[in-house]
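Colleague: Next one to model:
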Amino acid sequence: MSRDYLYNLLERYQSGNCTDEEREIVEAWYDSLGKKYVLPEISEEELEAIGGRMWTHAINKSASPSAKEIEPINQAKVVRLWPKVVAAAAVVGIVICAALLFNLSYKDRYLDHQERIAAIDKSIVKENLTDSLMMVVLADGSKVTLHSGAKVIYPSEFEKDKREVYLSGEAFFEVSKNPERPFSVFSNNLVTKVIGTSFFIRSGNLPESEVEVVTGKVLVTANNQGLFSSNSKKELYITPNQKVTYNEDSKDLVPAIVENPKPLKNAQAIAEFGFNYKNVSLKQILNDIESTYGINIIPDDSRIYNCTFTGDLNGENMYSKLDLICQTTGMSYEVNNLSIIIKGNACSV
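Modeller: Have a look, this model is predicted:
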């Protein structure tokens, strides 16, 4: 229980972002001050001062009385001191309740990377000190392929409601599906959460941390956003052929399409034999590319769909397909985060 936590509690009360339980804690303490302040209108300076007084008041009231305060007590004295005793007990009780609430509600989110690792019961450490790939099979059947220099730390047995591992370096994960026990990988700046899927993680001493999805869907969260932060730029879902890179300067997650998108598993047939066209509309061709690679392709003018293309695109990767189409039709494309924008002259029907 720290002074910072008390400040955070007051700030979240002021902005309306605290829970009902926390609101009751703050208001009970506020009542004990004799309603000197109107909390929603507290300035930052007042907020800091109040937080300091709240902390100091709680410590002082919970300490032993000084020698000056120790006097013979008669019945009248007890009556006069009782409201003060109640107030002191209330403040101490509020702080204790706040501490309990803090420990119960935020313990997992408060632990930093190294503290989480230290808290693992019967941890197993596997490090690839070779120049070859090294496969590690976890207790739930999930597989981790460690690249050279990578290290993974995990419990000998996962908990009933979650599966957590810790990675340094680059690895490929094939996670056994289990909706009742989500799988989380803590890797330096990122937390990657899945149920069952496969993906690459590159972290450790690299300049940037990155997650790249091969199958399924994962939720990537920045692992440095602090106890009470809530920011959409710190959390992203990505799917096959998409990746997220952690930007060290902005502390944000940057989504992008992978350098060499691969055909989805359910699109293997069309990927091998279905890209030979003769006078076919671009709408059909671009839809084929979209469904094959799971990448959103958008024309800047819908009339581009009316243009036609003739050619054999089999054997070409996704970007080569787009290059050939644009060269033939006089168009161009650009990658915009997780989408591809097709630009060019519109065609009439």
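Colleague: these two touch, right, residue 136 and residue 147?
Modeller: No. Counting by CB atoms under 8 Å, residue 136 does not reach residue 147; the two are 11.9 Å apart. Using the backbone N, CA and C atoms, a C-beta is placed for each residue, glycine as well.
Colleague: and residue 174, what is it in contact with?
Modeller: 142-145, 198 (CB atoms under 8 Å, 6 or more residues apart in numbering).
Colleague: closest to residue 161 among the residues you listed?
Modeller: residue 142 (16.1 Å; CB to CB).
Colleague: Against residue 342, how distant is the closest one?
Modeller: Between residue 142 and residue 342 the distance is 39 Å, computed by CB to CB, to the nearest Å.
Colleague: same deal with residue 257?
Modeller: If you go by CB to CB, the gap between residue 257 and residue 342 works out to 14 Å.
Colleague: Same check on residue 166?
Modeller: The gap separating residue 166 from residue 342 is 42 Å, by CB to CB.
Colleague: Equivalent analysis for residue 277, please.
Modeller: 16 Å.
Colleague: Mind checking which of these two has more residues around it?
Modeller: residue 342 (22 against 18; other CB atoms under 10 Å).
Colleague: just the helices in this structure please.
Modeller: Using DSSP state H, the helices found in the chain span residues 3-15, 20-32, 44-62, 75-110, 113-118, 268-273, 282-293, 318-329.
Colleague: What's the mean pLDDT across the first one?
Modeller: In other words, helix 3-15. If you average the pLDDT over helix 3-15, you get 64.
Colleague: cool, stretch 124-133 as well?
Modeller: Stretch 124-133 comes out at a mean pLDDT of 95.
Colleague: what comes up buried for it?
Modeller: Buried residues in stretch 124-133, counting neighbours by 16 or more other CB atoms under 10 Å, are found at residue 128.
Colleague: Output that stretch as PDB, nothing but the C-alphas.
Modeller: Included here for stretch 124-133 are C-alpha records, laid out as PDB according to Å, rounded to 0.1, in the frame of the first residue of the first chain:
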ATOM      1  CA  ILE A 124      10.900 -24.500 -15.500                       C
ATOM      2  CA  VAL A 125      13.500 -22.600 -17.500                       C
ATOM      3  CA  LYS A 126      14.400 -23.600 -21.100                       C
ATOM      4  CA  GLU A 127      17.000 -21.600 -23.000                       C
ATOM      5  CA  ASN A 128      18.200 -22.400 -26.500                       C
ATOM      6  CA  LEU A 129      22.000 -22.100 -26.400                       C
ATOM      7  CA  THR A 130      22.500 -23.700 -29.800                       C
ATOM      8  CA  ASP A 131      22.400 -22.400 -33.400                       C
ATOM      9  CA  SER A 132      19.400 -24.600 -34.200                       C
ATOM     10  CA  LEU A 133      15.700 -24.400 -33.400                       C
END
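Colleague: For that stretch, give me every contacting residue.
Modeller: Residues outside stretch 124-133 that contact it (CB under 8 Å, 6+ apart): 134, 136, 144-156, 169.
Colleague: repeat for stretch 321-334
Modeller: Residues contacting stretch 321-334 (CB under 8 Å, 6+ apart): 275, 282, 285, 289, 304, 307, 309-311, 313, 316, 340-345.
Colleague: how far does stretch 171-189 stretch from start to finish?
Modeller: 15 Å (CA to CA, to the nearest Å).
Colleague: ignore the last one, stretch 270-281
Modeller: Per CA to CA, the first residue of stretch 270-281 is 17 Å away from its last.
Colleague: Kindly report the same for stretch 169-179.
Modeller: OK, stretch 169-179 end separation, CA to CA: 27 Å.
Colleague: again, but for stretch 147-155
Modeller: One end of stretch 147-155 sits 20 Å from the other (CA to CA).
Colleague: residues contacting the closest residue to residue 216 other than its chain neighbours?
Modeller: Spatial nearest neighbour of residue 216, excluding adjacent residues (CB to CB, 6 or more residues apart in numbering): residue 197 at 2.4 Å. Applying CB under 8 Å, 6+ apart to residue 197 gives the contacts 173, 175, 213-218.
Colleague: Apply 10 Å and report the result again.
Modeller: 173-175, 177, 183, 213-218, 239-240 (CB atoms under 10 Å, 6 or more residues apart in numbering).
Colleague: Tell me how far it lies from residue 215.
Modeller: 5 Å.
Colleague: Same check on residue 22?
Modeller: 40 Å.
Colleague: Between these two, point out the one with more neighbours.
Modeller: Between residue 22 and residue 215, counted using other CB under 10 Å, the more crowded position is residue 22 (20 against 16).
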